[in-house]
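# got a sequence here, can you build the structure:
(chains A, B, C and D)
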2 protein chains.
Amino acid sequence: MDAVLQALADPSRRTVLEILRDHQASAGELAEALPIARPGVSRHLRVLREAGLVEVRSEGQRRIYSLRADALVEVDEWLEDYRALWQHRLDALHTEIARGKKARR
Amino acid sequence: MDAVLQALADPSRRTVLEILRDHQASAGELAEALPIARPGVSRHLRVLREAGLVEVRSEGQRRIYSLRADALVEVDEWLEDYRALWQHRLDALHTEIARGKKARR
DNA sequence: AGGGTACGTAACTGCAAGGGTACATATCGG
DNA sequence: CCGATATGTACCCTTGCAGTTACGTACCCT
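Residues are numbered from 1 along each chain as shown, chains lettered A, B, ... in the order given. The predicted structure is shown next:
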C-alpha cells in the first residue's frame, strides 16, 4: 500500500500505467513515450514492479510489461474510509443547488 | 490531481488525514500525534492545504484543521479508468472460487 | 503594555529520488 | 562464434524534501 501510493506519486510512472492500461509494451516502447532516457525508464519500471503494479514477461530479447491493475485495489480500499465523507459533502452541495444557489467548479 | 497524489505519498500526511477524518484538530494536536516536531508538521499541513485536502480556520490563537475529503474525488476519478480492469480480474478470481479453488488473501 | 501560548517561516543539514553516461548481460540472426 | 538489438545495473551528480533549531508573528489574558 505504502509502496503503491509512493509509486503513483511520480507522473512518469503514472504515464506508464496509462499506456499499459491500453496495451502491453516493451521497455523500449515505454521509453520512447516518455521524456526521459531508457535507463531512467528501467528504474521507474522497477519501482512499479516492486509495488506490484506491473509484471514483466520475457519475450525473446525484449521484456514485455503489462498492467497488474488489481494492485490498485489497495488504493481503492484506502479511499473507502473517506468516500462516505465526500459523498456527504456532495449531497450538501446538491442541496444548495436545489435551493437555487449557484454551483461553482 | 498531481498535487493530491504527491501529498498522499507521505505516510505522515496520510496519518494527518486519518486523524482529521475522525475530528478536527489544531496544528499542535496533530503534531503531538506524529513522531516529528511541530515545524515539520506545519509544512506537511501546508502541503495538504495546497493540495486542497485540508482547510484551516483560525480560532483564537489556534489554527483548526479540518478535512476536505472531496479533494479525494480526483483520486477516485483517476482510479475509475482502472477499476474495470481489476474488477475483470476479480471476476476471474470469483470464477476460480466457484470452481472450488481456494481463495487466498 | 507585557508575558505567555500557538503557530508559521527561515536557514541549515542529511538523505533519498530521479536523471544521465557508461558498462554488463542476454538473446537473436547469420 | 560474432555483431546487433534490447534491456537492466553501476556510478555519479544534482535537486528536492523531511527534519531540526532559531526566530518572527498573531492572539489571548491580566
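
# pull the contacting residues for A:L34.
Contact partners of A:L34, counting by CB atoms under 8 Å, 6 or more residues apart in numbering or on different chains, are A:12, A:15-16, A:40-41, A:44. The C-beta positions use only the backbone N, C-alpha and C, and glycine is treated the same way.

# please go through those and note which also touch DNA strand D.
The overlap between those and the neighbours of DNA strand D (CB under 7 Å from any atom of the strand) comes to A:V41.

# and the helices in chain A?
Assigned helices in chain A, in chain order: A:2-8, A:11-22, A:27-33, A:38-50, A:73-98 (criterion: DSSP state H).

# Serialize the ones you listed to JSON lines and add fields for mean neighbour count and mean pLDDT.
Shown next, in JSON lines, are the helices of chain A (neighbours: other CB atoms under 10 Å in any protein chain shown; pLDDT from 0 to 100):
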{"stretch": "helix A:2-8", "mean neighbour count": "18", "mean pLDDT": "95"}
{"stretch": "helix A:11-22", "mean neighbour count": "17", "mean pLDDT": "97"}
{"stretch": "helix A:27-33", "mean neighbour count": "16", "mean pLDDT": "97"}
{"stretch": "helix A:38-50", "mean neighbour count": "16", "mean pLDDT": "98"}
{"stretch": "helix A:73-98", "mean neighbour count": "14", "mean pLDDT": "78"}
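
# how about the residues of chain A by DNA strand D?
Contacts of chain A with DNA strand D, taken as CB under 7 Å from any atom of the strand, map to A:26-29, A:38-39, A:41-43, A:45-46, A:56, A:61-63.

# in those, find the pair that's most separated.
By the measure CB to CB, A:R43 and A:Q61 form the most distant pair in these, at 19.8 Å.

# A:P39 and A:R46, how far apart?
From A:P39 across to A:R46, the span is 11 Å (CB to CB, to the nearest Å).

# any residues of chain A in contact with chain B? List them.
Applying CB under 8 Å from any CB of the partner chain, one finds that chain A approaches chain B through A:2, A:5-6, A:8-9, A:11, A:14, A:17-18, A:21, A:67, A:69-70, A:72-73, A:75-76, A:79, A:81-83, A:85-86, A:89-90.

# switch to 10 Å and redo it
A:1-2, A:5-11, A:14, A:17-18, A:20-21, A:53, A:67-73, A:75-76, A:78-79, A:81-90, A:92-93, A:105 (CB under 10 Å from any CB of the partner chain).

# sorry, back to before: which one of the helices of chain A lies nearest to DNA strand C?
Closest to DNA strand C of the helices of chain A, according to CB to the nearest atom of the strand: helix A:38-50, at 3.4 Å.

# identify all contacting residues around that closest one.
A:3-4, A:6-8, A:10, A:12-17, A:20, A:27-34, A:36, A:53-56, A:63, A:65, A:67-68, A:71 (CB atoms under 10 Å, 6 or more residues apart in numbering or on different chains).

# for DNA strand D, give me its nearest residue in chain A.
For chain A, CB to the nearest atom of the strand, closest residue to DNA strand D: A:G28, 2.3 Å.

# shouldn't that residue be in contact with A:R63?
Yes: assessed by CB atoms under 10 Å, A:G28 is found in contact with A:R63 at 9.0 Å.

# what's the nearest residue to the residue nearest the centre of chain A if we skip its chain neighbours?
What sits nearest the mean C-alpha location of chain A, by CA atoms, centre = their mean, is A:R14, with 4.9 Å. In this structure, A:R14 finds its nearest non-sequential neighbour in A:L8, 6.2 Å apart by CB to CB, 6 or more residues apart in numbering or on different chains.
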